[in-house]
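Undergrad: below are the sequence and a predicted model for it; my questions follow.
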Amino acid sequence: MSTVAGAWLDAVSLAARQANVEREFALADFPRLADRLAVPDGRVAVRLALELIDGTPVGTLVVRARLPLVCQRCLRPMVHALESESRLALVADPDAAVPADAEAIATDPARVDLQALVEDELLLGLPVAARHGPGDDCVTGTDVTEATRRPFAGLGKLLKN
Ligand SMILES: [Zn+2]
């Protein structure tokens, strides 16, 4: 296992020696993700295990992050634990034949932008509508109904005056 520094990865040579790349990013490093977060605060742990299959660099990308989101039910902060694992075939030609269990990613395999790959995984892993889990402290449906009703109760009283 080795750790590689630098922004770009040469997936061809890394795959030839079956390298494992481990990185940590800050959530603030991902501009496309930032406006989906309650605060761009936190870390993303990334592991990319590379191998050559029929001459094609194929990576198993594991992304782990705790994303601060806004609950769409109660509009208060919550944390979404994201863990994704995907098999990516890094190919210059998007129509190239790739292993059946891998998704073809069109890129320069000798200059792979790991940060962009990770940002795609994070965006794909975002829930469509973030919600507190059953055990979390979320306003229940009944509470929301009561809160919505209250202004109208007050309005009736106001109209009588
Ligand atoms: Zn909630």
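TA: The structure has been received and is ready for your questions.

Undergrad: buried ones in the helix or strand residue 64 falls within, by neighbour count?
TA: Residue 64 belongs to strand 56-70 when elements are defined using DSSP states H and E. Buried residues in strand 56-70, counting neighbours by 16 or more other Cβ atoms under 10 Å, are found at 56-69. From N, CA and C alone the C-beta is placed, and that goes for glycine too.

Undergrad: how about the nearest residue to the residue nearest the centre of the chain, chain neighbours excluded?
TA: The residue at the geometric middle of the chain, judged as the C-alpha nearest the mean C-alpha position with Cα atoms, centre = their mean, is residue 122 (1.4 Å). With Cβ to Cβ, 6 or more residues apart in numbering as the measure, residue 33 is the residue that lies nearest to residue 122, at 5.2 Å, once sequence neighbours are left out.

Undergrad: how many residues are close by the one you found?
TA: The number of residues packed near residue 33 is 21, by other Cβ atoms under 10 Å.

Undergrad: what's near enough to touch it?
TA: For residue 33, the contact set (Cβ atoms under 8 Å, 6 or more residues apart in numbering) comprises 27, 40, 119, 122, 123, 126.

Undergrad: checking it next. Helix, strand or coil?
TA: Of the three states, residue 33 takes helix under DSSP: H, G, I helix; E, B strand; the rest coil.

Undergrad: now residue 31: how far from residue 24?
TA: To residue 24, residue 31 is 18 Å away according to Cβ to Cβ, to the nearest Å.

Undergrad: confirm residue 48 sits in a strand?
TA: Yes - applying three-state DSSP, one finds residue 48 inside a strand.

Undergrad: got the residues of this structure near the ion?
TA: When proximity is defined as Cβ under 5 Å from the ion, the chain approaches the ion at 71, 73, 74, 132, 138.

Undergrad: 6 Å instead?
TA: For the chain, the residues in contact with the ion (Cβ under 6 Å from the ion) are 71, 73, 74, 76, 78, 132, 138, 139.

Undergrad: quick one: least confident of those residues?
TA: Within the set of those, pLDDT is lowest for residue 139 (76).

Undergrad: now for that one, how many residues are close by?
TA: So residue 139, with other Cβ under 10 Å, has 15 neighbours.

Undergrad: quick one: it and residue 76, what's the gap?
TA: Taking Cβ to Cβ, one finds residue 139 at 8 Å from residue 76.

Undergrad: identify the farthest-apart pair in the residues of the chain next to the ion.
TA: Distances among the residues of the chain next to the ion were taken as Cβ to Cβ; the most separated pair is 78 and 139, at 11.7 Å.
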